[in-house]
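no sequence for this one, just the structure:
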DNA sequence: TAACCGTGCCTAGAGGCACTAGGCAAAGGG
DNA sequence: CCCTTTGCCTAGTGCCTCTAGGCACGGTTA
């Protein structure tokens, strides 16, 4: 029987493509084997198990993600950088949904976060905000707000969470405009004492 | 053999509890049957299949979610409503992760969105922003921004996406403060109307 | 109280997927 | 050309979803 020429690389790449087609969590070793015209067991020579495969896909995906984000913001600053970053982010998330989902992998985010590309995406995010001149607690808060918004928006958009007839792209652009304005007028952390009166305590 | 007293209701509720413990996508009919001390096949008298069960859990979860959000914003407006809404949102997402994930169900969001509770959550979100006095394209854009931010933040927080030592709760509070400021100075869709000068004083 | 029936939970079984153990033969080095 | 490596195989286990059909439990009625 002719050999299929499998390698960990090729298996991982095929898994990433499959993830973009059917969803990251629906990637199955059986389906992957079928795609290669090979029996399931054959894949275990190249990949330890499903978890290992997922991790490989995630690492590869976050690499590609970091590359795109980095290229987008290179040589830009302020509003320009923000929009370029956001555009690259959304484009990747919508165009490579499986890979994007892989970067957000639930059970093993540590491996991804600890990878050089994982840290690079965070650094790129911080760098994107550099020109807004925020100091440290505020800077991290702003980064978290941005990540949350981008992650949430693309997730809702991808899952059809926006039902209103208003164009999604327009909302995205307005949201970016709003975030830009917000970053320029970021409320520094010193008004805790203003409006209270029973407020909010959590556990 | 003593009967277990199963009903679609009880099965759904147990599934929701199980989802909160092990994650929505890890809910299995086998595990559920085990929990009831019953064979798998027995559940199929009460629930059509796994997909049906998931949908039931989603509908029940979105109902509970709407109720909490509605109770939180009742009798409040502006900043007060925003913070109450946000607090209820995050609390639900973190405390009932399985149910929250169910409300965001990927393959069948239509059923959830079309449900009365699904539409109610959206209405509550719009109502929360009422006092900010935004007009229509802007209002929907603002609602989408809020939903994205809340969804993204809680999702990242739940999956351990925030590695920086900065307290997550503090970032959440600052993000809300920032969104409040943003809503008060929402950049209208015409031009970037320079948002006054200060930006620090809000109320 | 006894026969009766609906249905709640059962057994049996098919098919899909993750994963392991062990075998054979193709590729490549001596 | 032999020999080793190793790529892909067959066989088999266990967990999962889901279907078909059976039995007895519980309340209903005579």
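Great, that's in hand. Computed from a prediction, not measured in an experiment: that's the story for all the values here. Residues are numbered from 1 along each chain as shown, chains lettered A, B, ... in the order given.

Quick one: list the elements packing against whichever strand or helix holds residue A:52.
If you go by DSSP states H and E, residue A:52 is part of helix A:50-73. Here helix A:50-73 touches helix A:8-22, helix A:29-36, helix A:78-95, helix A:97-103, helix A:109-114, helix A:116-128, going by 3 or more C-beta pairs under 8 Å, 6 or more residues apart in numbering or on different chains; DSSP states H and E. No exception for glycine: its C-beta is placed from N, CA and C like everyone else's.

ok, and the closest non-adjacent residue to residue A:144?
Closest residue to residue A:144 apart from its sequence neighbours, by C-beta to C-beta, 6 or more residues apart in numbering or on different chains: residue B:171 at 4.7 Å.

Over to residue A:23?
Nearest non-adjacent residue to residue A:23, counting by C-beta to C-beta, 6+ apart: residue A:98, 6.2 Å away.

residues contacting the one you found?
The contact partners of residue A:98, by C-beta atoms under 8 Å, 6 or more residues apart in numbering or on different chains, come to A:16, A:17, A:18, A:19, A:20, A:21, A:22, A:23, A:24, A:27, A:57.

Of those residues, which is the most crowded?
Highest neighbour count within those: residue A:57, with 27 neighbours (other C-beta atoms under 10 Å in any protein chain shown).

and the gap between that residue and residue A:152?
Applying C-beta to C-beta, to the nearest Å, the value for residue A:57 to residue A:152 is 23 Å.

Of the helices and strands packed on helix A:50-73, give the one that comes closest to DNA strand C.
Counting by C-beta to the nearest atom of the strand, DNA strand C lies closest to helix A:29-36 out of the helices and strands packed on helix A:50-73; the figure is 3.4 Å.

how far does the helix or strand just after the closest one sit from the chain's center?
The helix or strand immediately downstream of helix A:29-36 is helix A:40-43, counting by DSSP H and E. Centre-to-centre, helix A:40-43 and its host chain are 30 Å apart (C-alpha atoms, centre = their mean, to the nearest Å).

Spell out the secondary structure type for residue A:163.
Taken by DSSP: H, G, I helix; E, B strand; the rest coil, the conformation at residue A:163 corresponds to coil.

and the residue nearest to residue A:71 when sequence neighbours are not counted, how far is that from residue A:65?
Spatially, and ignoring its direct neighbours in sequence, residue A:71 is nearest to residue A:88 (7.4 Å; C-beta to C-beta, 6+ apart). Using C-beta to C-beta, residue A:88 is found at 9 Å from residue A:65.

who has more neighbours, those two?
Shown here are residue A:88 and residue A:65; by other C-beta under 10 Å, residue A:65 has more neighbours (24 against 19).

now, which of the contacts of residue A:98 sits nearest residue B:9?
The shortest approach to residue B:9 among the contacts of residue A:98 belongs to residue A:23, at 30.4 Å (C-beta to C-beta).

Could you check how far that closest one is from residue A:96?
Counting by C-beta to C-beta, the separation of residue A:23 from residue A:96 is 12 Å.

what stretches of chain A score poorly on pLDDT?
The model of chain A has pLDDT under 70 over residues A:1-4, A:106-109, A:113, A:189-203.

can you do 80?
Applying pLDDT under 80 to chain A flags the ranges A:1-5, A:106-114, A:188-203.

if I pick the nearest residue to residue A:72 once chain neighbours are set aside, what's in contact with it?
Leaving aside its chain neighbours, residue A:72 sits nearest to residue A:88 (3.6 Å; criterion: C-beta to C-beta, 6+ apart). Each residue near residue A:88 by C-beta under 8 Å, 6+ apart is listed here: A:68, A:69, A:71, A:72, A:73.

The fourth one and chain B, how far apart?
Read it as residue A:72. Look at residue A:72 and chain B: by C-beta to the nearest C-beta, to the nearest Å, they are 19 Å apart.

swap in the third one?
As defined by C-beta to the nearest C-beta, residue A:71 lies at a distance of 23 Å from chain B.

Please apply the same query to the first one.
For residue A:68, the distance to chain B (C-beta to the nearest C-beta) stands at 19 Å.

Next up, the contacts around that residue.
Residue A:68 touches A:88, A:91, A:92, counting by C-beta under 8 Å, 6+ apart.

cool, and residue A:176?
A:82, A:83, A:86.

Tally up the residues packed near the last one, please.
Other residues lying near residue A:86 total 24 when counted by other C-beta under 10 Å.
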